[in-house]
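**Student:** What shape does this take:
(chains A, B, C and D)
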Protein chains: 2
Amino acid sequence: MGIQERKERQLAEREQLFLDAAREQILQDGLLGLQMAKVARACDYATGTLYQHFASKEDLLVAICGDLVEKRVEIFNRLPRWKAPSRERILGIAVGDIIFAHHYPEHFKLAQFVFTEVVWQAASPKRRSQLLETSRPMGEAVRQIIDDAVAAGDLDTHGRPVFEMTLGQWTMTLGMHNLVHAEGVLELYNLHDPYRILLRQLNALLNGLGWQPLMDPFDEAALEQLVTRIQREVFADLCDSTTDNESSGCP
Amino acid sequence: MGIQERKERQLAEREQLFLDAAREQILQDGLLGLQMAKVARACDYATGTLYQHFASKEDLLVAICGDLVEKRVEIFNRLPRWKAPSRERILGIAVGDIIFAHHYPEHFKLAQFVFTEVVWQAASPKRRSQLLETSRPMGEAVRQIIDDAVAAGDLDTHGRPVFEMTLGQWTMTLGMHNLVHAEGVLELYNLHDPYRILLRQLNALLNGLGWQPLMDPFDEAALEQLVTRIQREVFADLCDSTTDNESSGCP
DNA sequence: TCGAACTATGAACCGAGTTCAAAATCCCAG
DNA sequence: CTGGGATTTTGAACTCGGTTCATAGTTCGA
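**Tutor:** Residues are numbered from 1 along each chain as shown, chains lettered A, B, ... in the order given. You can find the predicted model right below:
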């Protein structure tokens, strides 16, 4: 069945072509600028062909989101392998996410939009469950880290679901991305370096939840040092060696 | 200038009429179901009249959001007056927000959508700055509480901006609302009582940030007791005395 | 080489947001 | 009271972009 295979491969390739073109367009013209006809045209296909891959514009949006989540998962998957104190590995998730946000600045903006009722409900159930499924490994990676931490005696979950031990991290990150992408809000509240503040808050949360070893949440130098270490040891390839002074990225 | 006044009042009344009708429609048919023509028709006005008040659909959405924020501000404003340990007052913000979310279940869903690039950029600058201005008092109330706490010796901000002492609370709340309104996510991660978990996490965060007096973040009973006290002392009128067993609301 | 099955095309359709010229109403000077 | 200019309301017409589907083109095995 070589023909069948080839057809499927070609179809997948074209789907990726569409996805990339759409992402490019979002990057260029914003979410507002995304138009089905333009995407198809950019790939030298007719509109109808685009609709063979994506049932609707919302479907396309969800698909792009899923495509990006895969890259995010790749980042998450580094953590369980990284041999370090569990607390640092947990914070590593956040650091990885921040690096990810820098590489794909459109992702969280898109994600916020996609999980909006308007887009979500209009997308096909297949795409939706596909997106949820794609993001599942992130949860798995985190679970692994926490299980390790408990096994090593670094953390007592007090009988609570493992997942809860990092849910705050997740929601805080989500919320901070909301703020970062809500135009005008950063200025209104004078948040010059939101991701740095996020790391501080996460560090404090971990303290409050009893993660070991403890670190003073106000010890800026220690946090700085830890973040740098994580970047070097886990995400070196993603961090340009060119001096990027913004602490939000890869300092 | 009695005539001028009357006209302005009538205009304001009609604007509220439109806002309420639109909100009603969102409640009924979801954000997807909101249609300009339907809103106008529901108020027995022509489409054009609606456009005298709101420059676009996005404008209307932002306006509705602002309308709800005013009600939210009313809740925030109770806290600085409430005489209680500062830590409890800070947690009171979260409790108030959760109660608010119960009374206006559409708010956070709407807010998430409104602060999306697609809606935000399409709305008129006037409406946008109006919405931001409306939400400013929330920040003021929080600032007041923290200033009081510092003055009372309950908290050392370590020289950091006052706002940062609760930013984590804000982002965490935002993020949790994102999850609550992202269909499928709660089920995927078995989050049965997201707001209860949120309160736990917030409590832990406050611990980590050094708010006084400390409370064990795993002491469920103590947290329960505190939440109940806040509800009774600050939000009694908003909490139905009818037994609502859902801890997310008014238990 | 042929024709059935499959695929791509893009003009036409459709629906909702938006506009604007005409109609209705309001206000006040005469 | 009344005439007419200013203001407000109306809703049919317009626009624009997502979506469809009859038609044209292509593929593949007999």
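**Student:** going forward, measure contacts between C-alpha atoms and count neighbours the same way
**Tutor:** Noted.
**Student:** next one: stretch A:138-146 to chain centre, how far?
**Tutor:** Offset of stretch A:138-146 from its chain centre (Cα atoms, centre = their mean, to the nearest Å): 15 Å.
**Student:** pLDDT of that stretch, averaged?
**Tutor:** Stretch A:138-146 shows a mean pLDDT of 92.
**Student:** Show residues contacting that stretch.
**Tutor:** A:73, A:76-77, A:79-80, A:86, A:89-90, A:155, A:162-163, A:165-166 (Cα atoms under 8 Å, 6 or more residues apart in numbering or on different chains).
**Student:** any idea which element the residue in the stretch 151-251 of chain A positioned nearest to DNA strand C lies in?
**Tutor:** For the stretch 151-251 of chain A, the residue closest to DNA strand C is residue A:183, as judged by Cα to the nearest atom of the strand, at 19.5 Å. Assigned by DSSP states H and E, residue A:183 falls within no helix or strand.
**Student:** Backbone dihedrals for it, please?
**Tutor:** Note on residue A:183: backbone dihedrals following degrees, to the nearest 10 are phi -60, psi 140.
**Student:** Next, count neighbours for it.
**Tutor:** Neighbourhood size, residue A:183 [other Cα atoms under 10 Å in any protein chain shown]: 16.
**Student:** quick one: contacts for it?
**Tutor:** B:115, B:117, B:120.
**Student:** Please name the residues that touch residue A:60.
**Tutor:** So residue A:60 contacts A:19, A:54 (Cα under 8 Å, 6+ apart).
**Student:** where's it, which helix or strand?
**Tutor:** Residue A:60 is located in helix A:57-76, with elements delineated by DSSP H and E.
**Student:** got the CA positions of that helix in PDB?
**Tutor:** The C-alpha trace of helix A:57-76 is given here as PDB (Å, rounded to 0.1, in the frame of the first residue of the first chain):
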ATOM      1  CA  LYS A  57     -11.500  28.800  10.900                       C
ATOM      2  CA  GLU A  58     -11.900  27.900  14.600                       C
ATOM      3  CA  ASP A  59     -10.700  24.400  13.700                       C
ATOM      4  CA  LEU A  60      -7.600  25.900  12.200                       C
ATOM      5  CA  LEU A  61      -7.000  28.000  15.300                       C
ATOM      6  CA  VAL A  62      -7.300  25.000  17.600                       C
ATOM      7  CA  ALA A  63      -5.000  23.000  15.300                       C
ATOM      8  CA  ILE A  64      -2.300  25.700  15.300                       C
ATOM      9  CA  CYS A  65      -2.600  25.800  19.100                       C
ATOM     10  CA  GLY A  66      -2.000  22.000  19.200                       C
ATOM     11  CA  ASP A  67       0.900  22.300  16.900                       C
ATOM     12  CA  LEU A  68       2.600  24.700  19.300                       C
ATOM     13  CA  VAL A  69       1.700  22.600  22.400                       C
ATOM     14  CA  GLU A  70       3.800  19.900  20.900                       C
ATOM     15  CA  LYS A  71       6.800  22.100  21.000                       C
ATOM     16  CA  ARG A  72       5.900  23.000  24.600                       C
ATOM     17  CA  VAL A  73       5.700  19.400  25.500                       C
ATOM     18  CA  GLU A  74       9.200  18.900  24.200                       C
ATOM     19  CA  ILE A  75      10.300  21.400  26.800                       C
ATOM     20  CA  PHE A  76       8.400  19.800  29.600                       C
END
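**Student:** Now tell me what touches the helix or strand harbouring residue A:113 from outside.
**Tutor:** In this structure, residue A:113 is located in helix A:107-114 according to DSSP H and E. With contacts defined as Cα under 8 Å, 6+ apart, helix A:107-114 is touched by A:31, A:58, A:61-62, A:65, A:68, A:101, A:119-120, A:177-178, A:181, B:112-113, B:116-117.
**Student:** which of the residues you listed lies closest to residue A:210?
**Tutor:** Nearest to residue A:210 among these is residue A:177, at 25.4 Å by Cα to Cα.
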